[in-house]
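>>> Provide a 3D model corresponding to the input given below.
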Amino acid sequence: DLERHQKILYYRHVKKLSIRETAEATGYSTSQVCRIQALFRPEN
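From the prediction side, this is the model:
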């Protein structure tokens, strides 16, 4: 769900929350936060 993904990116990049804090704020697991964040990471 793109809206939920954007929420995670917002918490991580705008509010500068840690992965654990982002997981608690969104109700996702820490591993799910990492996976979603990786989807939007620029490829090398």
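>>> what are the contacting residues of the longest helix along the chain?
When the chain is parsed with DSSP state H, its longest helix is helix 30-39. Helix 30-39 is touched from outside by 4-5, 8-9, 12, 19-20, 22-23, 26, 28, with contacts defined as CB atoms under 8 Å, 6 or more residues apart in numbering. All C-beta atoms are positioned from the backbone trio N, CA, C, and that covers glycine.
>>> mind running it again at 6 Å?
5, 8, 19-20, 22-23 (CB atoms under 6 Å, 6 or more residues apart in numbering).
>>> repeat that for stretch 1-17.
Contacts for stretch 1-17 (CB under 6 Å, 6+ apart): 22, 25-26, 33, 36, 40.
>>> same thing but 10 Å
Residues from elsewhere that reach stretch 1-17 (CB atoms under 10 Å, 6 or more residues apart in numbering): 18-19, 21-28, 32-37, 39-40.
>>> okay, buried residues for stretch 20-38 please.
The neighbour-count check on stretch 20-38 (16 or more other CB atoms under 10 Å) flags 22-23, 26, 28, 32-33, 36-37 as buried.
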